[in-house]
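Trainee: predicted model follows, preceded by the sequence.
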Amino acid sequence: MTGDSTCAASTSANATLVRPTLGSAAPRSSRDPAVTSRIMSRVRSRDTQPELTLRRAVHAKGGRFRLQARDVTGRPDLVVRARKVAVFVDGDLWHGNPEEWRRRGHDNLAAMFPTRTEWWVNKIERKVARDEEVNRQLAAQGWRVLRVWASDVLRDPDQAAERVLALLRAQP
């Protein structure tokens, strides 16, 4: 997923400046970096609300699993070793769900970040590429991988749980 690579040109009397832009211009944030740091420090990497919701729904339907197995590539959120099933609950923003920026009223990922746009877009694109590489590695090891968006889990936990259980029931 890449941002639009359009060029914005401005002409002065002496020179022409051509600068790539990553989507529509957005106002710069005036938030104190300490506030941003405090906000980001509270972003959880495990036991998030979508993850807990999915775990409860799968368990209520009879599914049994292990959590974040350190010895499994990518450290999946739910692991069923006997069936070689790995389930990841991916945060919509951090894992690049296009529906997330549309839901927030933006045309592209870059428009979500008014400051350090290129850095944030690269960060999320690297994470998406890393997710794809983890999927390939797990598949090569014989694992079946399911990735569900956090928003899908929160919108309909039972449907997300059924997707997990269907994968568990399916023959490898």
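Mentor: Nice, thanks for sending it over.
Trainee: so where's the longest helix in the protein?
Mentor: helix 117-140 (DSSP state H).
Trainee: I'd like the next helix or strand past that one.
Mentor: strand 144-149 (DSSP states H and E).
Trainee: average pLDDT across the very next helix or strand once past that following strand?
Mentor: Sequence order places helix 150-155 as the next helix or strand after strand 144-149, per DSSP H and E. Averaged across helix 150-155, the pLDDT comes to 96.
Trainee: likewise stretch 125-139?
Mentor: Rounded mean pLDDT across stretch 125-139 is 97.
Trainee: and stretch 103-122, by the same measure?
Mentor: 91.
Trainee: next, the buried residues of that stretch.
Mentor: 106, 108-113, 117, 120-121 (16 or more other CB atoms under 10 Å). Where you see a C-beta, it was placed from the backbone N, CA and C, and this is true even at glycine.
Trainee: export those residues as JSON lines, with columns for distance to residue 141.
Mentor: Converted to JSON lines, these look like this (distance: CB to CB, whole Å):
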{"residue": "106", "distance to residue 141": "37"}
{"residue": "108", "distance to residue 141": "35"}
{"residue": "109", "distance to residue 141": "31"}
{"residue": "110", "distance to residue 141": "35"}
{"residue": "111", "distance to residue 141": "38"}
{"residue": "112", "distance to residue 141": "34"}
{"residue": "113", "distance to residue 141": "35"}
{"residue": "117", "distance to residue 141": "37"}
{"residue": "120", "distance to residue 141": "32"}
{"residue": "121", "distance to residue 141": "31"}
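Trainee: from those, which land in helices?
Mentor: 117, 120-121.
Trainee: format the residues you listed as CSV; extra columns: distance to residue 90.
Mentor: Output for these, formatted as CSV (distance: CB to CB, whole Å):
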residue, distance to residue 90
117, 22
120, 17
121, 17
